[in-house]
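In: 3D, please:
(4 chains)
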2 protein chains.
Amino acid sequence: MSPELTSRLGYLLKHAQEQLRARSNAALAHHGIDGRELAVLIVLATGEPASQQEAAARLGVDRTTMVALLDVLEHKDLVARTPDPHDRRRNVVELTAAGRIALQRGMKTTDEVEREFLAPLSHRAADQFRGALRALVVPD
Amino acid sequence: MSPELTSRLGYLLKHAQEQLRARSNAALAHHGIDGRELAVLIVLATGEPASQQEAAARLGVDRTTMVALLDVLEHKDLVARTPDPHDRRRNVVELTAAGRIALQRGMKTTDEVEREFLAPLSHRAADQFRGALRALVVPD
DNA sequence: TGTGATTGTCAGGCTAGCTGACAGTCAGGT
DNA sequence: ACCTGACTGTCAGCTAGCCTGACAATCACA
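Out: Below you'll find the model as predicted:
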């Protein structure tokens, strides 16, 4: 392994992300969802019922991307789109009962995957790593 | 921002990677290369002259991906492919003089970008973050 | 009323990466 | 010397993920 490369942040972040993504998706496959879909379920479960655009903004994706994401989740009966009576341009997107179950199981699964992924670090180092990442990503 | 989401490792890693990638590419654009291409230059500069396949392995990409990457870099006159006299199946890939200059400038630029990216962390926390990432990604 | 903004949707394009095939070349056994 | 199998670079074609630009329906407000 090239020593120069493994000290470049870009390389390390890319490969860390890719590796965690692969492991998460493999584990989540048993529940019939992937990491991106689980993230949508999480967003929809927190806070008030959201329009598609609000959900997209919270997740940090484009609203046109959210359309396809919800198409899949709706087809799996994990979320439901209903027209907002107060603003007929909007859809209110909510978890179904099956969606809430998938959310719980998915979170448990990815918790376990994260723990294994961070296993090379001490408990303390893992916490610091998480904190540093959050400080870098979450504004202010 | 959804509090649940910002404590998921997958979300944080993905957005950290994406943000650093965008900043690096913006800064590197002045030198006519992007982050992926710089990574190839780094790989080629470290260790002995490599075949395309060795370079691909060191970089962690597929050999078919390396073909396209080198096509671009060769067209920019930053690398040169020459047939290996000891094994005519192989190409020996090396940096040109312009490639070495681009490498130096690119590394300097991304060093600066990395520093800005890690600015929210203390010097000490940034070092620990780097170390943790390396421990997670680099095998053994 | 009507003018501009907003929402969900879709078509099309782009990037990055993979798989599978191919010709050319090498190595080892017979 | 030959043959079989493995390896190298290359290309075509596919997929996933994401974006831009357009559109109709709807809203807000002068």
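In: Nearest residue to the middle of chain A?
Out: Note on chain A: the residue nearest the mean C-alpha position is residue A:39, at 2.5 Å, using Cα atoms, centre = their mean.
In: Hmm, residue B:12 and that one touching each other?
Out: No: in terms of Cβ atoms under 8 Å, residue A:39 does not count as a neighbour of residue B:12; the distance is 11.3 Å. Every residue, glycine included, has its C-beta placed from N, CA and C.
In: quick one: contacts for the closest residue to residue A:84 other than its chain neighbours?
Out: Distances taken as Cβ to Cβ, 6 or more residues apart in numbering or on different chains place residue A:90 nearest to residue A:84, at 4.0 Å, with adjacent residues excluded. Residue A:90 makes contacts with A:51, A:52, A:53, A:83, A:84, as judged by Cβ atoms under 8 Å, 6 or more residues apart in numbering or on different chains.
In: mind exporting the host helix or strand of the third one as CSV, just the C-alpha atoms?
Out: What it means is residue A:53. Assigning secondary structure by DSSP states H and E places residue A:53 in helix A:52-59. Once non-C-alpha atoms are left out, helix A:52-59 reads as follows in CSV (Å, rounded to 0.1, in the frame of the first residue of the first chain):
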residue,chain,number,x,y,z
GLN,A,52,-41.2,15.4,0.0
GLN,A,53,-39.2,18.5,-0.3
GLU,A,54,-38.6,18.9,3.4
ALA,A,55,-37.6,15.3,3.6
ALA,A,56,-35.1,15.8,0.8
ALA,A,57,-33.7,18.9,2.4
ARG,A,58,-33.2,17.1,5.8
LEU,A,59,-31.5,14.3,4.1
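In: check whether it contacts DNA strand C.
Out: Yes: Helix A:52-59 comes into contact with DNA strand C (Cβ under 7 Å from any atom of the strand), by way of A:52, A:53.
In: which secondary structure elements does that helix contact?
Out: With contacts defined as 3 or more Cβ pairs under 8 Å, 6 or more residues apart in numbering or on different chains; DSSP states H and E, helix A:52-59 has these neighbours: helix A:35-45, helix A:63-75, strand A:91-95.
In: could you check the angle helix A:63-75 makes with that helix?
Out: Helix A:52-59 and helix A:63-75 meet at an angle of 100 degrees, taking axes from the mean of the first three to the mean of the last three Cα atoms, to 10 degrees as the criterion.
In: Figure out how far helix A:52-59 is from the centre of its chain.
Out: Taking the mean C-alpha point of helix A:52-59 and that of its whole chain, the gap between them comes to 12 Å (Cα atoms, centre = their mean, to the nearest Å).
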